[in-house]
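A.B. asks: kindly generate the corresponding structure for this input.
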Amino acid sequence: MYEIRQARKLEGEVDLIGDKSISHRAVMFGSIAEGETRIKNFANSQDCLSTVDAFKQMGIDINIDGDRVIVLGKGLLGLKKPNGPVYVGNSGTTMRMLLGILAGQSFDCTLTGDRSLSSRPMSRVVNPLRQMGAQIDGRERGEFAPLAIKGAKLRPIVYDMPISSAQVKSSILLGGLYADGITTVREKVRSRDHTERMLKLFGADLKVEGLSVSIKGRTNLKGQDIEVPNDISGASFFIVGATLLKGSGIKMKSVLYNPTRTGVLEVLRKMGANIEIKNEKTLSAEPVCDLEVLSGELHGIEITPEMIPSLIDEIPIIMVAASLAKGKTVIRGAKELRVKETDRIKSLTTNLIRMKAQISVEGDDITINGSKELQAADLQSYGDHRTAMSMIIAALTAKGVSNISDVACIDISFPGFLDILKNITR
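C.D. replies: Numbers count the residues shown, from 1 in each chain. Below is the predicted model of the structure:
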């Protein structure tokens, strides 16, 4: 159990970790590119290290020195058959995106994960890859890992996404690299576009037209120098903490400012958060900015299903913010939260109700009536990193002493989170 006491305020400069989504992709694309890829500000989280380990098992030389990584790529078909099953831990990004790469190889491979990942749905990736000719099998006809992939000759497809998902889109586009012709993915709502930006940087023949993305197969990628922006998802916890604790003031530099990821900033500013955006620039095809946050008074808003893809990872901490906002917040169409590391609607609702927050759930819609204060309580992480970090921030605002179980899971996405928080807590 980890003990959290009420804080007066958060103050100082926050030294964030590199963005996890971009770190994953830099290693993956560097591994199937020709030549050397140098990565700065790599996120040394357990999830990203799972991606590194996976490609090492397939014969790629990857050297890590702190947050600097060098990948010696061997081209699209340079991977080797691993000696056994490739274990990717808790990383859904690793497993889903690797499926697209492995589907077009000349060898067979099995992907496994931990208990949590083995309960997460995979058919949303497996089914479109099967349409391309991929041979993938697993539990319940490929719905769950372990997944066995037999390398095959792939064909291009045009795929209409039933649900917007960057991981699914990315997996299909990566499969498209191994198909003869042009593969197209069409979305109803744009999901995060890190794959599109980075593949172009590596030299892929890729076009984006509205909500449609097309990639030409058999185009060789070239190694690049990548500087990873700081993680906006990690920043969101400190933003909410500083907003809720009166007298707070924090600064964060070179934070990812990609428009497909800024939903959390837009929602919090709409709620009344005092967030100033400065020094906008571009790092490795990604927009970044500096952020300054002061405490502020929040009010409730409505979050529509169309807004969800740009802030899916940040909804847990937004629920904490809404619990202390004036008035009612309604979050509609958040069903994707139910198939994360845990059912995050359930984990956040259960914990916040223990803290006397006013929350109700109907289907996948969440209604929160803001309270003046939360009460300290015994809380559970459910082994989910974002649940853990969200509840720690909530506990900083609550009178008394809270305890939360299993905070080690935070290292899945944000090693050092607790130390950074201690440094700015007053």
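
A.B. asks: what is the least confident helix or strand in this protein?
C.D. replies: Counting by mean pLDDT, DSSP states H and E, the chain has its least confident helix or strand at helix 139-142, which shows a mean of 91.

A.B. asks: only C-alpha atoms, please: export that one in PDB.
C.D. replies: Extracted C-alpha coordinates of helix 139-142, given in PDB (Å, rounded to 0.1, in the frame of the first residue of the first chain):
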ATOM      1  CA  ARG A 139      -7.700 -18.400 -28.400                       C
ATOM      2  CA  GLU A 140     -11.300 -18.100 -29.500                       C
ATOM      3  CA  ARG A 141     -10.300 -17.900 -33.200                       C
ATOM      4  CA  GLY A 142      -7.800 -15.100 -32.700                       C
END
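
A.B. asks: and residue 230, what does it touch?
C.D. replies: Listed by C-beta atoms under 8 Å, 6 or more residues apart in numbering, the contact partners of residue 230 are 16, 17, 18, 19, 41, 252, 253, 254, 255, 256, 288. Where you see a C-beta, it was placed from the backbone N, CA and C, and this is true even at glycine.

A.B. asks: put the alpha carbons of whichever strand or helix holds the last one into PDB.
C.D. replies: Following DSSP states H and E, one finds residue 288 within strand 286-294. Provided in PDB are the C-alpha atoms of strand 286-294 (Å, rounded to 0.1, in the frame of the first residue of the first chain):
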ATOM      1  CA  GLU A 286       5.600  16.200 -34.300                       C
ATOM      2  CA  PRO A 287       4.300  19.600 -33.000                       C
ATOM      3  CA  VAL A 288       5.500  20.400 -29.400                       C
ATOM      4  CA  CYS A 289       5.100  23.300 -27.000                       C
ATOM      5  CA  ASP A 290       5.900  24.500 -23.500                       C
ATOM      6  CA  LEU A 291       3.000  24.500 -20.900                       C
ATOM      7  CA  GLU A 292       2.500  26.700 -17.900                       C
ATOM      8  CA  VAL A 293      -0.400  25.800 -15.500                       C
ATOM      9  CA  LEU A 294      -1.800  27.700 -12.600                       C
END
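
A.B. asks: how distant is it from the center of its chain?
C.D. replies: 18 Å (C-alpha atoms, centre = their mean, to the nearest Å).

A.B. asks: who does that strand pair up with?
C.D. replies: Using DSSP bridges, strand 286-294 pairs in its sheet with strand 249-256 (antiparallel), strand 274-283 (antiparallel).

A.B. asks: quick one: buried residues of it?
C.D. replies: Buried residues in strand 286-294, defined by neighbour count with 16 or more other C-beta atoms under 10 Å: 286, 287, 288, 289, 290, 291, 293.

A.B. asks: from residue 59, how far out is the fifth one?
C.D. replies: The spacing between residue 290 and residue 59, counted by C-beta to C-beta, to the nearest Å, is 40 Å.

A.B. asks: element containing residue 25, please.
C.D. replies: Using DSSP H and E, residue 25 maps to helix 20-31.

A.B. asks: same for that helix, what does it pack against?
C.D. replies: strand 34-40, helix 46-57, strand 68-74, helix 92-102, helix 166-176, helix 194-201, strand 225-227 (3 or more C-beta pairs under 8 Å, 6 or more residues apart in numbering; DSSP states H and E).

A.B. asks: restricting to C-alpha, output it in CSV.
C.D. replies: Output in CSV follows, covering the C-alpha atoms of helix 20-31 (Å, rounded to 0.1, in the frame of the first residue of the first chain):
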residue,chain,number,x,y,z
LYS,A,20,5.3,6.3,-25.2
SER,A,21,3.4,6.0,-28.5
ILE,A,22,6.2,7.7,-30.4
SER,A,23,9.0,5.7,-28.6
HIS,A,24,7.3,2.5,-29.6
ARG,A,25,7.1,3.5,-33.3
ALA,A,26,10.7,4.8,-33.4
VAL,A,27,12.0,1.4,-32.4
MET,A,28,9.6,-0.5,-34.7
PHE,A,29,10.2,1.5,-37.8
GLY,A,30,13.9,1.8,-37.1
SER,A,31,14.1,-2.0,-36.9
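
A.B. asks: which parts of the least confident helix or strand of the chain are buried?
C.D. replies: Neighbour counts over helix 139-142 (16+ other C-beta under 10 Å) mark residue 142 as buried.

A.B. asks: so which elements touch the helix or strand just after it?
C.D. replies: Toward the C-terminal end, the helix or strand that comes next after helix 139-142 (DSSP H and E) is strand 144-150. In this structure, strand 144-150 makes packing contacts with helix 92-102, strand 108-112, strand 135-138, judged by 3+ C-beta pairs under 8 Å, 6+ apart.

A.B. asks: one step back: out of the helices and strands packed on helix 20-31, which comes closest to residue 315?
C.D. replies: helix 166-176 (15.5 Å; C-beta to C-beta).

A.B. asks: what's the mean pLDDT across the closest one?
C.D. replies: Averaging pLDDT along helix 166-176 yields 97.

A.B. asks: now the angle between helix 194-201 and that helix, please.
C.D. replies: 30 degrees (axes from the mean of the first three to the mean of the last three C-alpha atoms, to 10 degrees).

A.B. asks: dump helix 166-176 to PDB, restricted to CA.
C.D. replies: Extracted in PDB, the C-alpha atoms of helix 166-176 (Å, rounded to 0.1, in the frame of the first residue of the first chain):
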ATOM      1  CA  ALA A 166      -4.600   4.200 -33.900                       C
ATOM      2  CA  GLN A 167      -3.300   0.700 -33.000                       C
ATOM      3  CA  VAL A 168      -5.600  -1.000 -35.500                       C
ATOM      4  CA  LYS A 169      -4.900   1.600 -38.200                       C
ATOM      5  CA  SER A 170      -1.200   1.300 -37.700                       C
ATOM      6  CA  SER A 171      -1.200  -2.500 -37.800                       C
ATOM      7  CA  ILE A 172      -3.000  -2.500 -41.200                       C
ATOM      8  CA  LEU A 173      -0.700   0.200 -42.600                       C
ATOM      9  CA  LEU A 174       2.300  -1.800 -41.500                       C
ATOM     10  CA  GLY A 175       0.800  -4.900 -43.100                       C
ATOM     11  CA  GLY A 176       0.400  -2.700 -46.200                       C
END
